[in-house]
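Participant: Structure for the following, please:
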Amino acid sequence: MKRLFALLFLAADVMAAPAAPQLQSSALVPRLTTLLAAHHGDAIAAQLPGNDDRFAAALFYPEAQLLVVSAKSRSPQLLRERISWKQYREVYLELQNETVPGTSWFLYDMKADGLRSRPGQAADTLIEGGKPALVFDGDWQRQDLSEARYTGALTAADERYAELLNALIAEAEKSSAPATPTSTASR
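Facilitator: Next up, the predicted model:
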């Protein structure tokens, strides 16, 4: 009888717990960071497929974080040239500074392990288009969000992150040489 109550209690607890969304980024980040490590690189950048003026770039700090930025560029030709010369860090810096207002998307992926949203895990932070930062730490109430809005924002951020990661992985796979640490071209 005690076992039956224990099983019923466990089943009720599992059914009451909110379902965590399936996050794609946690499978993609290791692919990207493995490619970067294989090329002894810490940066990568790519033009987003189907977009003439949108780009993504990432800086990788092993065992610490992956910083990913995406934005619409004011000078897409310059960024395409820098990507062709594997000047990925310069593209990253350009996307941090010289973009069309309101188009930036910046993610701090702490621990470089994809988006996480459970309490007790390293919190990831998204800053999008001048909006207040959104911290993915599982505590939606601290951010004055409902659980549904928080989960929706997490899912949307993960979908966007996966899109950017796929573009960066494609660039890293076609690149046979490491990213240059500094540019030799002048601005």
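Participant: what's around the closest residue to Glu147 other than its chain neighbours, how many residues?
Facilitator: Once flanking residues are discounted, Glu147 sits nearest to Trp140: 5.4 Å by Cβ to Cβ, 6 or more residues apart in numbering. Any C-beta I mention is one placed from the backbone N, CA and C, and that applies to glycine too. Residues near Trp140, counting by other Cβ atoms under 10 Å, number 20.
Participant: In terms of pLDDT, where does Trp140 sit?
Facilitator: What the model reports as pLDDT for Trp140 is 89.
Participant: now Pro21
Facilitator: 62.
Participant: can you check Thr125 too?
Facilitator: 95.
Participant: Okay, and Ala58 sits in which element?
Facilitator: Counting by DSSP states H and E, the element that carries Ala58 is strand 54-61.
Participant: next helix or strand past that strand?
Facilitator: The helix or strand immediately downstream of strand 54-61 is strand 65-72, counting by DSSP H and E.
Participant: How about residues contacting that following strand?
Facilitator: 29, 32-33, 48, 51, 53-61, 92, 95-96, 99-100, 103-112, 160-161, 164-165, 168 (Cβ atoms under 8 Å, 6 or more residues apart in numbering).
Participant: Look up how far Val29 lies from the residue at minimal distance from the centre of the chain.
Facilitator: For the chain, the residue nearest the mean C-alpha position is Tyr161 (4.3 Å; Cα atoms, centre = their mean). Here Tyr161 is placed at a distance of 9 Å from Val29 (Cβ to Cβ, to the nearest Å).
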